[in-house]
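Colleague: coords please:
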Amino acid sequence: RSQVRSDTITFSAVISSCEKGGQWDKALWFFNEMAQNKLELDTIVLNAAISACEKKGEWENALELLVATVEGKVEADTITFNAAVSACEKVGEWEKAMQTCSLMLASKMEWDTITSNAAISACEKGSEWQVALHFFSVIKQGTMELNATTYNAGISACEKDGAWERS
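Modeller: As a prediction, the model looks like this:
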């Protein structure tokens, strides 16, 4: 009988499958197993684990995984941060979404439309239309292209709090 060797590629495939199947808890378990077995934790594995959490609104677990990037255990990219911001957005944790955006800036990560949309939407879900509008105006002053989703998130934030005149 041959024995299958567990390696980074094997774990990565399993974590990606867990993410696609909505099994965030199993994705985290396998991620932690990789760390305990001293297997290489790479950006792809991290993104799959955070995305698994994001899809189920497990923002606290997503942010906990993001801490691994700050501690230098795993390298993050824009996708990593976007998944973490989106996890916060799903449950209206606008302050955590904004803190994650700040961490993203401090990490010199490049923002994209997904980042902006998720952050504004998090403010909208948290009934923080002033913060959403401020964030929107800051983005608009930059070089990033805004799309219909960005404008809709800003309008929706104002509409939810009855500040539709500002939209």
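Colleague: residue 119: what's it in contact with?
Modeller: Contacts for residue 119 (CB atoms under 8 Å, 6 or more residues apart in numbering) come out as 85, 89, 97-98, 101, 135. C-beta: built from backbone N, CA, C; applies to glycine.
Colleague: now with 7 Å?
Modeller: Listed by CB atoms under 7 Å, 6 or more residues apart in numbering, the contact partners of residue 119 are 85, 97-98, 101, 135.
Colleague: helix, strand, or coil at it?
Modeller: Of the three states, residue 119 takes helix under DSSP: H, G, I helix; E, B strand; the rest coil.
Colleague: distance of it from residue 130?
Modeller: From residue 119 across to residue 130, the span is 14 Å (CB to CB, to the nearest Å).
Colleague: also residue 120?
Modeller: Distance from residue 120 to residue 130, by CB to CB: 12 Å.
Colleague: more neighbours: which of those two?
Modeller: residue 120 (31 against 13; other CB atoms under 10 Å).
Colleague: could you double-check that that one sits in contact with residue 134?
Modeller: No - the criterion here is CB atoms under 7 Å, and residue 120 misses it with residue 134 at 10.1 Å.
Colleague: what residues does the helix or strand where residue 152 lies touch?
Modeller: In the assignment (DSSP states H and E), residue 152 maps to helix 148-160. For helix 148-160, the external contacting residues (CB under 7 Å, 6+ apart) are 113, 116-117, 120-121, 123-124, 127, 129, 132-133, 136, 164, 166-167.
Colleague: hey, where'd the helices end up in the chain?
Modeller: Secondary structure of the chain (DSSP state H): helices at 8-20, 24-36, 43-55, 59-70, 78-90, 94-106, 113-125, 129-141, 148-160.
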